[in-house]
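A.B. asks: How does the following fold in three dimensions:
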Amino acid sequence: QLTDLLQQYATAFRDPMMLQPPEWFKAFIYCEAFLQLPFFPVAAYAFLKGGCRWIRTPAIIYSTHVATTLFAILAHILFHDFSRSEHAGPQTLRERLVLLSIYLPYLLIPLLLLFTMLCNPHYKHVEKRKRK
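C.D. replies: The predicted model follows:
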């Protein structure tokens, strides 16, 4: 069952945010559901089709939004006092780094996308419209 799997994950990796998310984390979940998830099929289409320069602005918005949310999550993992949490959270530096390593790819991939959109000449080039 999915709830058992979630419980196992939260216990194994000491991630109380998944079992009892703070309000700010819930807001990020809603952003993911209503902003980020709809972006995925659009981006998949653009990248699979290729040559779609129009994806640059949506990809920049998506990647900066995700990176911003991940900075807050990673800072919470590193600095929050989890001893007051109802569910077991990371206590040692090693436990914090293990949990951090689970969330880190969700920061690195959007940063790579942002870097691609900003630095790749294919996406930097602005096409001039032809006059009729």
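A.B. asks: what's the first-to-last distance across stretch 11-26?
C.D. replies: 20 Å (Cα to Cα, to the nearest Å).
A.B. asks: Look through this protein and tell me its longest helix.
C.D. replies: When the chain is parsed with DSSP state H, its longest helix is helix 56-79.
A.B. asks: Tell me who's in contact with Thr116.
C.D. replies: Thr116 makes contacts with Ala59, Tyr123, as judged by Cβ atoms under 8 Å, 6 or more residues apart in numbering. In this view, the C-beta of every residue, glycine as well, is placed from N, C-alpha and C.
A.B. asks: Any figure for the gap between it and Ser63?
C.D. replies: Distance of Thr116 to Ser63, computed by Cβ to Cβ, to the nearest Å: 9 Å.
A.B. asks: Same question for Ala33.
C.D. replies: 18 Å.
A.B. asks: Among the two, which residue is more densely surrounded?
C.D. replies: For Ala33 and Ser63, the more surrounded residue by other Cβ atoms under 10 Å is Ser63, and the numbers stand at 22 against 10.
A.B. asks: how close does that one get to Ile109?
C.D. replies: From Ser63 over to Ile109 (counting by Cβ to Cβ), the distance is 8 Å.
A.B. asks: so what sits against both of the two?
C.D. replies: With Cβ under 8 Å, 6+ apart, Ser63 and Ile109 have no common neighbours.
A.B. asks: tell me which element Ala27 falls in.
C.D. replies: According to DSSP states H and E, Ala27 maps onto helix 23-31.
A.B. asks: Packing partners of the helix or strand of the chain with the lowest mean pLDDT?
C.D. replies: Ranking every helix and strand in the chain by mean pLDDT, DSSP states H and E puts helix 121-124 at the bottom, with a mean of 86. Helix 121-124 sits against helix 105-119, with contacts defined as 3 or more Cβ pairs under 8 Å, 6 or more residues apart in numbering; DSSP states H and E.
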